[in-house]
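J.: I need the structure of the sequence given here:
(one chain, ligands or ions: 1)
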Amino acid sequence: MRPSTDIAGGGAPRRRPIGVFDSGVGGLTVLHELLVALPQEDFVYLGDTARFPYGERSPAELEQFSAQMAEELLRRRAKLLVVACNAATSAALPALARRMMETTLGVEVIGVVRPEALQAVAATRTGRIGLLATPTTVASGAYERAIAEIDAHVTLHAVPCPTLASIIQAGRQFDELAVQTVREACAPLRAAEVDTVILGCTHYPLIRLMLQRLLGPSVTLVSSGAALARQVEHALSTRGLRTDHDGEGEYRFLCTGDVDGFREVGTRFLQMPFGEVEHVGLAHVEALA
Ligand code: DGL
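T.: Predicted coordinates for the structure are as follows:
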């Protein structure tokens, strides 16, 4: 895999990149799994860092932001879109998927909620599952609905975490305040004796070690990455969209905010060179949808 300065100027659909977006660096945990599962594919990742955090935005705002992010990725010739953000998936996935089917050449959109719900229901032995997520994601009820569809007898204990994604995105060393924030988020889940916890924000796998320590060794942590990557692999294969290129694919990063900060924190989390991060102006994005 290598950074690119010129992905997919055009050509056959299977040679086009997979588009991935999040409000910031959290979606890199999803991109990581996609790079592991699909090393030959090209990727274009867009972080809406100028409007981070998404976790307390209204559903209407998230619908609009998601449509704008998707349009920008389609301009980059994305053949499939991955919403690597739980807040955007919870609030906007159905509307975005409809929009993409109606207004484009049928580009599909895959989000992060359902793959986690499926894994969590399969993992729990007691039927008590915890959810840590941003306030918007918790308020949307998206996980309750997804879990009830899979098994109506499972109970979900949801804890909104208003500041956690921002602490992670800031990329500083974890201090006592950060640990205390995580401890407080975990306390109700320990009290509810859940045996499985869904990391319902793509930023949270970046502090997986701390979460496992504070939740205890018998709790299974579930994140979207690997299951979502399998869903993407399936979608590409069944729709004839898998690249026919054998070597390592290319990747490119874009963000709406400060490129240096994004490159610095992102490089540390993803542990690979970012190459040039391209700045996408908000005025340009806002004119797209
Ligand atoms: N990573 C995002 C999520 O999965 C959101 C964090 C935020 O922007 O608040 O929900």
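
J.: Which residues of the stretch 1-150 of the chain lie near the ligand?
T.: 22-24, 26, 52-55, 85-87, 134, 137 (C-beta under 6 Å from any ligand atom). For glycine as for every other residue, the C-beta is placed from the backbone atoms N, C-alpha and C.

J.: nearest to residue 128, of those residues?
T.: residue 137 (19.3 Å; C-beta to C-beta).

J.: Hmm, that closest one is touching residue 202, no?
T.: No - taking C-beta atoms under 8 Å as the definition, residue 137 is not a contact partner of residue 202, at 10.5 Å.

J.: and for the two, which residues touch both?
T.: residue 86 (C-beta atoms under 8 Å, 6 or more residues apart in numbering).

J.: Check the gap between the residue of the chain most remote from its centre and the ligand for me.
T.: Relative to the mean C-alpha coordinate of the chain, counting by C-alpha atoms, centre = their mean, the farthest residue is residue 191 (28.1 Å). Distance, residue 191 to the ligand, using C-beta to the nearest ligand atom, to the nearest Å: 24 Å.

J.: any idea how far residue 154 is from that residue?
T.: The gap separating residue 191 from residue 154 is 18 Å, by C-beta to C-beta, to the nearest Å.

J.: Looking at the backbone only, give me phi and psi for the residue positioned nearest the centre of the chain.
T.: Geometric centre of the chain, nearest residue: residue 84, 2.0 Å, by C-alpha atoms, centre = their mean. Backbone torsions for residue 84, taken as degrees, to the nearest 10, come to phi -90, psi 40.

J.: ok now do the residue nearest to it when sequence neighbours are not counted, which residues does it touch?
T.: Spatially, and ignoring its direct neighbours in sequence, residue 84 is nearest to residue 27 (3.0 Å; C-beta to C-beta, 6 or more residues apart in numbering). Residues near residue 27 by C-beta under 8 Å, 6+ apart: 20, 21, 45, 47, 82, 84, 85, 202.

J.: mind checking how far residue 27 is from residue 67?
T.: Per C-beta to C-beta, residue 27 is found 17 Å from residue 67.

J.: same check, this time on residue 257
T.: Taken as C-beta to C-beta, the span from residue 257 to residue 67 is 19 Å.

J.: where does the closest residue in space to residue 124 that isn't next to it in sequence fall, phi/psi-wise?
T.: In space, residue 124 comes closest to residue 196 once its chain neighbours are excluded; the distance is 4.4 Å by C-beta to C-beta, 6+ apart. When read as degrees, to the nearest 10, the backbone of residue 196 gives phi -140, psi 130.

J.: Residue 196: what's it in contact with?
T.: 120, 123, 124, 128, 129, 130, 219, 220, 221, 222.

J.: Give me every residue in the stretch 151-289 of the chain lying close to the ligand.
T.: 165, 201, 202, 203.

J.: Tell me which of those residues fall in helices.
T.: residue 165 (DSSP state H).

J.: can I get the residues of the stretch 151-289 of the chain next to the ligand in CSV with neighbour count and distance to residue 235?
T.: Listed next are those as CSV, based on neighbours: other C-beta atoms under 10 Å; distance: C-beta to C-beta, whole Å:
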residue, neighbour count, distance to residue 235
165, 29, 27
201, 31, 23
202, 31, 19
203, 29, 25
